[in-house]
Structures are given as C-alpha cells and as structure tokens.
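Chemist: Below: sequence and its predicted model.
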Amino acid sequence: MTLTKEFLKGLYKENPVFRLMLGLCPVLATSTSVNNAIGMGSATLFVLLSSNIVVSLIRKAVPGKIRIPVFIIVIATFVTIVEMVMAGFFPALSKSLGNFISLIVVNCIILGRAEAFASKNSVFRSILDGLGMGLGFALAMIIIATFREILGNGTWLGIPVLGESFNPITIFILSPGAFLTIGYLIGFFNWFESRRLAGK
Amino acid sequence: MERSLRISPSPHIKDAESVTRIMYMVVLALIPAGVWGVYIFGTQALWVIVVSILAAMGSEFLFAKMMKRPVRVFDGSAVITGILLAYNVPAEVPLWLPAIGAVVGVGIGKMTFGGLGYNPLNPALVGRAFLMASWPASMTIFKTAPAGLSLSGIDVVTSATPLNVFKASREILANSGAHTAEEVTQATQTISELYNANAALFFGKVGGCIGETSVLLLLIGAVFLMYKRVIGWKIPFSYIGTVIILTWIFGGTEGLFSGNPLFHILSGGLILGAFFMATDMVTSPVTFKGRIIFGIGCGVLTVVIRLWGGYPEGVSYSILLMNLTTPLLDRFTKPTPFGGKE
Amino acid sequence: MKDIPHFALVLTVVACFSAGSLAWLNTITRPRIIAQQQQELDAGIMQVLPGSENGVIKAVENDGTVSFYKGYRNADSTSLIGYAFLIAPQGYSSNIRTIVGIDSSCSRVLSIKVLSQKETPGLGTKCEEIRSGETAPWFQEQFRNKPYADLILDKDGGTIESITGATITSRAIMLGVASRMELLRDELDIPNTMIN
C-alpha cells in the first residue's frame, strides 16, 4: 500500500464511523453540536496519533502476551493528558464534553488501530494511519453534528442559520436523533458505495 | 382474519379478504370518534385530521418513488396512519406539526424498513413520539371542552386532560407534607370529582387529543371491527384487564386496593390505543399466547407510566415498547405442530 | 512461567513512564484548574451579590467545608450586602448547580445564577434561556429581589412563571433556593419572625 493510500484510507474507504462502525458511543453521545464534535474529534485524533506512535515505537520490546495491558496504559496516559490540558486551558469545552473525554480510553477505534496496525507497522506508517483515521473520525463527527445542530437547535457552530421563525426539532439533539442521523448517514454511504462499485 | 392469522399446518383456507378491504374497515370504524372530535374541538380538529392524512399519503407516494418500490398509496394503510396520528395530537397544534409527524411516521417509521408489513413499530406512534420529543410544549396544550360540556369543577386553562389533573392531585397527596392543608383538601376533592365524572368521560365531554375522548364512539367502532374479525379480543382485553387490576391495586391514594380502575379505562387514550393501535397486524404478535403477553405488557407499562412515570399518559409509549418485543414473542410462543417434538 | 519476571518488568517500566509524565503535567495544570474553578465561583458570587465588585467576599466555614459566603460592599468588610451559597438541587435529569445571593436579613433573594445543569434539551435547559432582546435568562431573573414568602411557582398559586413542560426543573430550583435559605437562617440564628 502506498503511503498516500495509508493516510487516505481512514478518511473514506475505512472511515471508522461510517465504514468500520467503531467507536460509535462517543459519536452518538457528543455530536450534539459542531463545537463539541470538533473538541471530541481533535481529542480523539491526538490520542490516536500519540498512541499509534508510542505503540509502534515499543512494538518490538513488548511481549505478545501482555500487549493489551501495555496498550491500554499508553492510551490511558494520553487520555489523561488530554483531560488535564482541556480542564486547565479550555474549561468550557471540558465542561460540555464531561466524562466522555475519559471514555476515549475504551473507544474501540484507538485500541483497534494499536492492535491491528501500529503494533505491526513502522512508526512513519503508524503516524499516517493515526492521522488518517483520526481525521476520518473527526470529520464523521462534524458531519453528524452539523445535521444534529442545525435541525435540533437551528444553529451551526453556535451561529443561528435557520432564522428566528424556525422551531428546532429538539429530538435531534436528544439521543434518538443521534441514532436517526447516524443510521441515515450510514445508509447513504452504503448506497453511494454500491453505486460507485456498480459504475466501475 | 383472526383465525387465518393463527400459525397452523396446512391446508390453509383462502378468503376474499385483502389488505385494502381490512384497512378501509378500520378507517370506517375510526370515523365516529373523529366526527365527535371535530364537534367538540371545532374545525381546527378537522384540518389537523385532513393535513395528517394528506401528508401521510403524500410521503408514502414520495418514499415509494424514491426507493423504486410499487406505489400503494391507496391501500389504506397511509390513511390509517394519518388518522391515528391526528387522533393522538391535541386539536390546537399548529398544522405543520401533524404534517411533520405523518412524514416521519410513514418515512422513518415505515418506508425506511421496507414499507407495509416490514415496519417494527406502529408508524402513527413513531410520528407521535417524534413530535412529543421535539415539541413537547405544543403537544401538551389541551383545549378545554366548550362551555356546558366541560368536566364539572375542573377549571384549568392548559393541560386540561383528566389524567393531567389526576396526576397533579395525586402527587400533592403523595407528598402532603410539602403542601398546605388547603391544597391537600382540594386535591382530594378533585380526585373524587374525577371519580364521579364517569358519564362525562364515557361520552367524551372532556379535554384531550382529538380522537381519544369519546369512549362510547370508539367502542362502537371496535365492536364493528371485532364483529368483522378484523381485530381480535386477546390484545385489547388482556391490555385493559391488566390496567384494571393494576390501577385497582396501586392507583389509589389511600393504600393498596383503593384505586378506581373505571376512571383509568375511561380517561386518556387507553381505548383508542388498546383497540386500534395495539392490534395493528404488522406490529403485534400472531400467536395466541404472544398476543396475551403483548396485551399484559402494554397494560403494565401504561400503568407504570401513568402512576409513577414523568408523563400523565403512557399508552403510546407502552405500545411502542411492546411493538419491539413482537418478534421475540412470536418466536417463543410458536405452537408445536401436531406430531412435532418440543 | 519463566516469562513472568520479564512481563512484570515491561509493565513496570511502561507504568512508571506513564505515571511520571502525568505527575509532571499535573504540576502545571492543577493550579490552573483550581484557579479556574475559583474564578468561576467568584464571578458567580459577584453577579448574585450586586455591589460586591469593589468589596470583598469571605467564605464562612462550617466543620471544615465552606458553608456560605459573605459579600461586603467595601474592602474593609464593614458594610454587609448579603450572603451567597451554592446549591445543587436534583432536577429532572441532573443536579442543577446554582449560586444564590440573598440579602443580609435573609428575607429576600437578591439574584440567582445557574452554573451548570444537564436537563432535557429544549425543556429544562430553558432555565438558562435568554429570550431575544433580553440580556439575562428570564427564568432566573424572576428571582431578583423576590421575598422569601413569594418563592412559589405559578402552578402552586404563586408568581414565579414555571418553564413550560419543565415543572420539575422549575420547582427544583425554587425549592432548592427556599430550603437553603431556611437552613441559613438557622445557621445565622435569625428568628423566623423576620421572614414572615
């Protein structure tokens, strides 16, 4: 696989949310506004990239039988770093994301990439993989949050876009709205993919 | 229909029944209650019903076209969805509300899953739940019935359904320490007035959603459908029976076994729900035992929501929840064929 | 079994690195986090005790924890404005952290401010809603200069307009304010006659 492809695969072809369907819990819970999605997306991107680098660096020193606890310690360390930095420097964001930051530890996509990719590949490739996957995850969150925030609150990134007369469809910022949005988006991408393959 | 739906070994009997004929019989059975709704709530109620039906049919057409499926706008199922949705909203809602509810009910609740027969949930109730979660304020403003028809002694401007009043009074009594003696006396009096208002509740001289008020007219429709064997007795009777028993045991304000089940049957959407929505053929079990369990489940959930939940009324949510158990109920209660082994 | 010491060594090294780096980072972020929380609290107290911006705020401790705050109009703390306290009554789906300022005789609410809550979006969250053309949340503004005896929701025959569809939230805030006021009165030994 070429290096460009290694990076690009996470954006669409193996998008964690829409194609691999990994790490859906934080996506469902924190995509209520674009602001939260950017915050959560960048936190995940940072953790994914850092854990990929470290896991790839120590991959030869870690015995196979204890790799999972080692990976989890590495991931938990980076998550705690994000949590502390966010609470110290971005208190508003830290407040609205709440416990979901700490839950990045158990986000399948991070351990998934550590186990399936970083523990078997060079540092450089792992960086590309982490960047691609992390950006794909953040992008997916922003797309979902765009629908939810506009429909459910009438705003995008906090800016009113649908005017005063719009009566927000509150369900979209509640949990059923998260399932509806993500379901229809996955449906759309499946349909798009099948059309693309049929055209080939 | 009841008989032909029972799972049994061949030979099967073919009949002249068709989906369309059944659907229009249900529509016919629902008309009296709607006429009454328009009579007491005014022409606004009529517009809500019309908009809801048109939106349901329109979205059925559009979604079928979009998905390149056969268009079956006139098979009656969209009409029923439209009517049931309108019957489950207050008459005072702005007209775009039932329109969105119908589009969501048909589009998300039914067509997304593949159209009639594949929907796991009752489409009208999906629409209602969507509206309830999105615009709870508009969905809970109830018009009092016109002067001379209103329930005696109850003077409330908004939220004037008997169940709302009941719940508020019951909460005061359950928590009498936090309220003045005057409030407690008033709450006791309100509840006894509600208990004595059976006639008004039965004939539908009360506030509520458009189609749920008149128990008498709903029952006429239900008897007609039962006589025509479009709906069975198992779900409605086990549903209402469960509500009777549980509200009698737990519904009272003076300890166990002091409840008034009659009030709970006659008020709210129980009759509409039990006979017309819980019995939906697509979303309810087909087996004998499955239907009984389905009815009991709806009854338990309704009483739990009414007595201890956050909402005064729980019929629609309990039916939706039990709809989800239908595939499981069917699987676990499948009768063993003759000669077959366990 | 031979591997066990090896495994333990690897895990220990990794854990030490992790703990070390976190401990180092903590020395940087911890003071900031504490300062942030203090700042949020101070700003809240100043807002609910109008006039305290140029004065001082003193925390009053009870059994080692801060019970309430005293706000003074001037820096030498002689002119008392009133008291402020934090409440976190259970609303519909969250604890509504609210800071409340009351006058020095404990008979009147000066102002309240909801600091954080996770109520139902579109319903309970309206306790922080600012209507267009206004500058402060309308629900909280209703508490401004409200005598203790008037802390009653419209649904219970009072004058505080409850949030449509969110009576539980409205009532939780109202009762939280009223009951903490009563407690404070006991704490300060202010007789009931002054209230009623």
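Modeler: Okay, I see it. Since this is a predicted model, take the numbers as computed values, not measurements.
Chemist: tally of neighbours for residue A:133?
Modeler: 30 (other Cβ atoms under 10 Å in any protein chain shown). Using the backbone N, CA and C atoms, a C-beta is placed for each residue, glycine as well.
Chemist: tell me the contacts of the nearest residue to residue B:213 once chain neighbours are set aside?
Modeler: Nearest non-adjacent residue to residue B:213, counting by Cβ to Cβ, 6 or more residues apart in numbering or on different chains: residue B:204, 3.7 Å away. Residue B:204 sits next to B:36, B:40, B:213-217 when contact means Cβ atoms under 8 Å, 6 or more residues apart in numbering or on different chains.
Chemist: same thing with residue B:219?
Modeler: So residue B:219 contacts B:271, B:275 (Cβ under 8 Å, 6+ apart).
Chemist: Spell out which helix or strand contains it, please.
Modeler: helix B:215-227 (DSSP states H and E).
Chemist: lowest-pLDDT helix or strand in chain A?
Modeler: helix A:91-97 (a mean of 81; mean pLDDT, DSSP states H and E).
Chemist: Buried residues of it, list them for me.
Modeler: By 16 or more other Cβ atoms under 10 Å in any protein chain shown, the buried positions in helix A:91-97 come out as A:91, A:93-94, A:96-97.
Chemist: Determine which residue lies closest to the centroid of chain B.
Modeler: residue B:273 (2.4 Å; Cα atoms, centre = their mean).
Chemist: Look at residue C:132 and say how many residues are nearby.
Modeler: By other Cβ under 10 Å, neighbour count at residue C:132 equals 6.
Chemist: What is the neighbour count of residue 2?
Modeler: In the absence of a named chain, this looks at chain A. So residue A:2, with other Cβ under 10 Å, has 7 neighbours.
Chemist: let's do chain C instead
Modeler: 5.
Chemist: pretty sure residue C:61 contacts residue C:67?
Modeler: Yes: with contact defined as Cβ atoms under 8 Å, residue C:61 reaches residue C:67; the gap is 6.4 Å.
Chemist: Looking at these two, which one has more neighbours?
Modeler: residue C:67 (16 against 10).
Chemist: Packing partners of the longest helix seen in chain C?
Modeler: For chain C, the longest helix by residue count, based on DSSP state H, is helix C:4-48. Helix C:4-48 makes packing contacts with helix A:67-89, helix A:91-97, strand C:57-62, strand C:65-72, strand C:80-87, strand C:97-103, strand C:108-116 when contacts are defined by 3 or more Cβ pairs under 8 Å, 6 or more residues apart in numbering or on different chains; DSSP states H and E.
Chemist: Among the ones you listed, single out whichever gets nearest to residue C:163.
Modeler: Among the helices and strands packed on helix C:4-48, strand C:108-116 comes nearest to residue C:163, with 11.8 Å by Cβ to Cβ.
Chemist: Neighbours of residue 31, how many?
Modeler: No chain in the question, so chain A it is. For residue A:31, using other Cβ under 10 Å, the count is 28.
Chemist: ah, no, chain C please
Modeler: Neighbours around residue C:31, by other Cβ under 10 Å: 11.
Chemist: Equivalent analysis for residue C:128, please.
Modeler: 17.
Chemist: Show the contacting residues for it.
Modeler: Contacts of residue C:128 (Cβ under 8 Å, 6+ apart): C:114, C:117, C:137, C:139-140.
Chemist: Over to residue B:198?
Modeler: B:262-263, B:266.
Chemist: So which of these wins on neighbours?
Modeler: residue B:266 (24 neighbours).
Chemist: Tell me how far that residue lies from residue B:237.
Modeler: 16 Å (Cβ to Cβ, to the nearest Å).
Chemist: Kindly report the same for residue C:67.
Modeler: 60 Å.
Chemist: go on, residue B:41?
Modeler: Residue B:41 is 30 Å from residue B:237, by Cβ to Cβ.
Chemist: The two: who's more crowded?
Modeler: residue B:41 (23 against 15).
Chemist: so the more buried one touches residue B:87, yeah?
Modeler: No: contact criterion Cβ under 8 Å: residue B:41 and residue B:87 do not qualify, at 11.4 Å.
Chemist: of all the contacts of residue C:128, which comes closest to residue B:92?
Modeler: Closest to residue B:92, out of all of the contacts of residue C:128 and judged by Cβ to Cβ, is residue C:139, at 24.2 Å.
Chemist: Name the nearest residue to that closest one, ignoring sequence neighbours.
Modeler: In space, residue C:139 is closest to residue C:127, 4.8 Å off (Cβ to Cβ, 6+ apart).
Chemist: what about the one you found, neighbour count?
Modeler: If we define neighbours as other Cβ under 10 Å, then residue C:127 has 23 of them.
Chemist: residues in chain B within reach of chain C, list them.
Modeler: Proximity of chain B to chain C, by Cβ under 8 Å from any Cβ of the partner chain, involves residues B:134, B:136-137, B:140, B:179, B:183, B:310.
Chemist: Distance of residue B:69 relative to residue B:118?
Modeler: 11 Å.
Chemist: Ok, residue B:255 next?
Modeler: Residue B:255 is 47 Å from residue B:118, by Cβ to Cβ.
Chemist: Looking at these two, which one has more neighbours?
Modeler: residue B:118 (11 against 8).
Chemist: sec struct for the more buried one, please.
Modeler: coil (DSSP: H, G, I helix; E, B strand; the rest coil).
Chemist: list the contacts for it?
Modeler: Here residue B:118 is in contact with B:110, B:282 (Cβ under 8 Å, 6+ apart).
Chemist: what do you get for residue A:118?
Modeler: Taking Cβ under 8 Å, 6+ apart, one finds A:51-53, A:55-56, A:59, A:126, A:129-130 in contact with residue A:118.
Chemist: can you do 6 Å?
Modeler: By Cβ atoms under 6 Å, 6 or more residues apart in numbering or on different chains, residue A:118 lies in contact with A:52, A:55-56, A:126.
Chemist: For residue C:119, list the residues it contacts.
Modeler: Here residue C:119 is in contact with C:91-94, C:125, C:169 (Cβ under 6 Å, 6+ apart).
Chemist: filter the residues you listed to the buried ones?
Modeler: C:91-92, C:94, C:125, C:169.
Chemist: How about residue B:299: what's its closest non-neighbour residue?
Modeler: residue B:242 is the one closest to residue B:299 (Cβ to Cβ, 6+ apart), at 2.6 Å.
Chemist: Mind pulling up the pLDDT for residue 117?
Modeler: Because you didn't say which chain, this covers chain A. In this model, residue A:117 is scored at 92, pLDDT.
Chemist: wrong one, chain B
Modeler: pLDDT at residue B:117 comes out at 87.
Chemist: that older thread, most tightly surrounded among the helices and strands packed on helix C:4-48?
Modeler: strand C:97-103 (a mean of 24; mean count of other Cβ atoms under 10 Å in any protein chain shown).
Chemist: right, is it up against chain A?
Modeler: No: using Cβ under 6 Å from any Cβ of the partner chain, strand C:97-103 never reaches chain A; the gap is at least 10.6 Å.
Chemist: Great, nothing more from me.
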